[in-house]
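Novice: Only the shape, not the letters, is given here:
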């Protein structure tokens, strides 16, 4: 008889199908695409003070509202767009976070114009390789503090050390899957070139 037992997952990924799907297909997979890294940083900023499940439920609406998270388009948003987004009940409506997203798109483009690719910059912070961590999982680390300062120096907002560390986990710069999680060794075997499955 086939064993139908569910795979062992990190504790945070239990209790909702969206969390399980995100955990199994996306969380911790090394992301090497600049635009995708930027999108995930923005979403982690919107998540601050809320649950990640809330963001997952609204992710498609966020993508629609922010033009597919195209930094060139978002950078052109103006005060009218801010008000439009504040009236969009399908997303998390925070003026500070919306304005930060627009500013972060402009910061992303400034880096690009200066010859600094966002993905190259991000991965240079971990010496071009995913870090393999073991419990206990921290809220932030000395590296995420340094990373946060480097992002702020480039004009980014809503990139405090805790947000940055959560983003590093999500994008595979850090492997924080639990030791007994079925994804731990799978993710550990991945390099920076592995691309996240888009859902």
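Specialist: Arrived safely, thanks for sending. As the structure is a computational prediction, the values presented were derived from the model and not from experiment.

Novice: Going by C-alpha atoms from here, please, whenever you check contacts or count neighbours.
Specialist: Fine.

Novice: residue ranges with poor pLDDT in this structure?
Specialist: 1-4, 192-199 (pLDDT under 70).

Novice: Grab the most central residue of this structure for me.
Specialist: For the chain, the residue nearest the mean C-alpha position is residue 40 (2.9 Å; C-alpha atoms, centre = their mean).

Novice: hmm, who's touching the helix or strand where residue 120 lies?
Specialist: Secondary-structure assignment from DSSP states H and E places residue 120 in helix 118-124. With C-alpha atoms under 8 Å, 6 or more residues apart in numbering as the test, helix 118-124 has contacts from 32-34, 37-38, 108, 111-112, 129, 173.

Novice: mind redoing it with 7 Å?
Specialist: Contact with helix 118-124 is made by 32-34, 37, 108, 111, as judged by C-alpha atoms under 7 Å, 6 or more residues apart in numbering.

Novice: Filter those down to the buried ones and express that as a PyMOL selection.
Specialist: To isolate the buried ones among the contacts of helix 118-124 in PyMOL, judged by 16 or more other C-alpha atoms under 10 Å, type:
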select buried, resi 32+33+34+37+108
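
Novice: Please produce JSON lines containing the contacts of helix 118-124, extended by distance to residue 84.
Specialist: Output for the contacts of helix 118-124, formatted as JSON lines (distance: C-alpha to C-alpha, whole Å):
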{"residue": "32", "distance to residue 84": "32"}
{"residue": "33", "distance to residue 84": "29"}
{"residue": "34", "distance to residue 84": "27"}
{"residue": "37", "distance to residue 84": "25"}
{"residue": "108", "distance to residue 84": "23"}
{"residue": "111", "distance to residue 84": "28"}
